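Q: sequence and predicted model, in that order:
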Amino acid sequence: MILVSPQKIDEYTHAGWWGTTTLWDLFVQHRRERPDAQAVADACNRADFAHGAPRSLTWAQLGDEVDRFCLLLLDSGLTRDDVLVVQLPNCVEQFVVYLACARLGLIVTPVPVQYRDHELEHILEVTRARAAVTFTRIGKPTGGHAAAAMFVGLAVAHPDLRLVLAWGDAVPASAIDIGARTSAALTDDARSRLAQAERDAAVTANDVFTVCWTSGTEAQPKGVPRSHNEWLIIAPSIIEAAQIPQHARLLNPFALVNMAGISTAFVTWLALGGTVVQHQPFTLPVFLQQLREERIDYTVAPPAILNMLLQNAALLEGIDFKRLSRIGSGSAPLSDWMVRGFAEQYGVQIINYFGSNEGAALSGNAIDIPEPELRAQFFPRAGVPGHAWSVSTTRKIRTRLVDLESGEDITVAGLPGELRFSGPTIFSGYFGAPAFSARAFDAQGFYKTGDLFEIAGDRLQYYHYVGRSKDLVMRGGVNISSEEVENLLLACPGVREAAVVAVPDPTMGEKLCACVVAAEGQSVTLQSIAAYLRDEKRVAIYKVPEYLLLLPSLPRNPVGKILKRELRGQAAQLAPQAQKVAA
């Protein structure tokens, strides 16, 4: 399936930015050249969140598992351009599924392990996915999420979902037991069949590889399709910014469902022929153990975690910082104290990343911004004539800062505007959503990020992030649409009016607060809201508000618009740190 326009393909191919190499081609190369090198490894605590013991696979072993899984997909009747919805925790099986799909031209639509019926109903409707791939259990050994059974139930109302394939114990009778069906050794006839299927699929670098999901201001998540070329063009912004060496060992704590995880732990991994050590979910003792024992060259971590580690030097003892000399961070503003502290005390340079599923990406690195205090605040003003940067991607994109009221370009310091991108990293439109796609781009073809920046620096060479124009809450690096949760709350018993805002949190960045006007004579509690969203609406748990602000009415301006700035101020006082300061 090719969704990019021929004109765009011709332009970027002629410029040398896109090519003919697919993600599968890169895997074949490493499988041939480094068969006995370690390719992927599970987290040591895998049993805490999924079935089975931790596994480690060489490139050859991973290739054998991919071969057997490809045969299962073919035997199941799946063909090029069919969509597979994949719900898996961070594990080696993700690489098996993604590589098999890259080989056969199937489209991966990965979803967070927290997604439940509410989110998946929409995704299945939009993609018309033919199959789901998951585990029988995701989460704790007792009381975990019965993922395979959930998809079996969803298939009843979604006839396009013909197959549910699952690893694990007690696979539902109507699902396919992947482990049982992929245990046999490959015969010569099977290998010949695979080679023919690969030729028949004839996957190109411009075929869609993934459809990832992003939460904007709209009530429903939007699918972002990306081709092999659109993924591969992102890799230099990570590799060059962090100076990651060939065959590097990468520790991945990000879910392999969106730009942050896939670009680092799948695309960069394939570009470098390295090793990925998986981590799931974020568990600090395990994360630190992996940093000490797994000889890690590069990893990423949220700003709040890095702040906490720098304040507790004992936790960092035993980590080889001569090897782990670069750590990526982002999703929230960085502390200049933290960036400077890691540089001075450990010789570690923190890379400041900004990015989105749609392909907007900036990276503040130690080459372009050597001063830690500046790197914590600023990003290179990439894609603007007159400014040169070390990362090659900056020479392939264009950016502009636009005043949202006048629509004019901002070229002076200190004025906030929306940052917009164009170029080979940017997606072409949302999957099956032409109206959303039309609104996502301006008249000049630039993608409108919804993020507000200012121009800064003595030579106007930097962008400085100042906030979001879209109504989003970013919890632990995940965007949550306020509108989506508000629409759900309006149907909650006892709720007359509702608005959702962010409350600052030192660990997660932000948490959700439900600002509620109760119906006359009705009682609303945080517990009743949580039970309604979790048990009746079956939403992802991270979308459940963690604070409740009960009000007699919502503040509004003269034309009736809710004044969320006022609500944010009141909601912020509910946070424990605010209450401590007030006391």
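A: That came through fine.

Q: please report the distance of Leu292 from Phe321.
A: Just so we're on the same page, residue 292 is Arg rather than Leu. Note on Arg292: its distance to Phe321, by Cβ to Cβ, to the nearest Å, is 11 Å. In this view, the C-beta of every residue, glycine as well, is placed from N, C-alpha and C.

Q: and for Gly364?
A: From Gly364 to Phe321 the distance is 20 Å (Cβ to Cβ).

Q: those two: which is more packed in?
A: More crowded of Gly364 and Phe321, by other Cβ atoms under 10 Å: Gly364, with 26 against 14.

Q: what residues are up against that one?
A: 241, 351-353, 375, 378-380 (Cβ atoms under 8 Å, 6 or more residues apart in numbering).

Q: by neighbours, which of those wins?
A: Neighbour-wise, these (other Cβ under 10 Å) top out at Ala241, 28 neighbours.

Q: one step back: show me the contacts of Gly364 that map onto strands.
A: 351-353, 378-380 (DSSP state E).

Q: out of those, flag the one nearest to Ala205.
A: Closest approach to Ala205 among the ones in strands among the contacts of Gly364 (Cβ to Cβ): Tyr353, at 24.7 Å.

Q: which residues of the stretch 151-300 of the chain fall in strands?
A: Assigned by DSSP state E, counting those that start in this stretch, the stretch 151-300 of the chain shows strands spanning 163-167, 176-177, 208-214, 222-227, 249-252, 275-278, 298-300.

Q: returning to what we had before: dump the ones in strands among the contacts of Gly364 into CSV; add pLDDT as well.
A: As requested, the ones in strands among the contacts of Gly364 are exported to CSV (pLDDT from 0 to 100):
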residue, pLDDT
Ile351, 97
Asn352, 95
Tyr353, 93
Phe378, 94
Phe379, 96
Pro380, 97
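
Q: so what's Ala313 up against?
A: Residues counted as contacts of Ala313 (Cβ under 8 Å, 6+ apart) are Gln345.

Q: Asn252: which of the contacts of Gly364 is nearest?
A: Tyr353 (14.4 Å).

Q: how many neighbours does the closest residue to that closest one other than its chain neighbours have?
A: Residue nearest to Tyr353 in three dimensions, not counting chain neighbours: Gly330, with 3.7 Å by Cβ to Cβ, 6 or more residues apart in numbering. For Gly330, the neighbour count with other Cβ under 10 Å is 23.

Q: for Gly330, phi and psi?
A: The phi/psi pair for Gly330 (degrees, to the nearest 10) reads phi 160, psi -160.

Q: measure it to Lys396 for me?
A: 21 Å.

Q: kindly report the same for Pro281.
A: Taking Cβ to Cβ as the measure, Pro281 falls 35 Å from Lys396.

Q: so for the two, which residue has more residues nearby?
A: The neighbour comparison of Pro281 against Lys396 (other Cβ under 10 Å) goes to Lys396, with 20 against 17.

Q: for that one, give its distance to Ala195.
A: For Lys396 relative to Ala195 (Cβ to Cβ), the value is 35 Å.

Q: repeat for Ala157
A: 38 Å.

Q: would you state the strands of the stretch 1-150 of the chain in chain order?
A: With DSSP E, counting those that start in this stretch as the criterion, the stretch 1-150 of the chain has strands spanning 38-41, 56-58, 83-87, 107-110, 131-135.

Q: JSON lines for the ones you listed, including mean pLDDT?
A: Output for the strands of the stretch 1-150 of the chain, formatted as JSON lines (pLDDT from 0 to 100):
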{"stretch": "strand 38-41", "mean pLDDT": "98"}
{"stretch": "strand 56-58", "mean pLDDT": "98"}
{"stretch": "strand 83-87", "mean pLDDT": "98"}
{"stretch": "strand 107-110", "mean pLDDT": "98"}
{"stretch": "strand 131-135", "mean pLDDT": "98"}
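
Q: of all these, which one is nearest Pro6?
A: strand 107-110 (20.0 Å).
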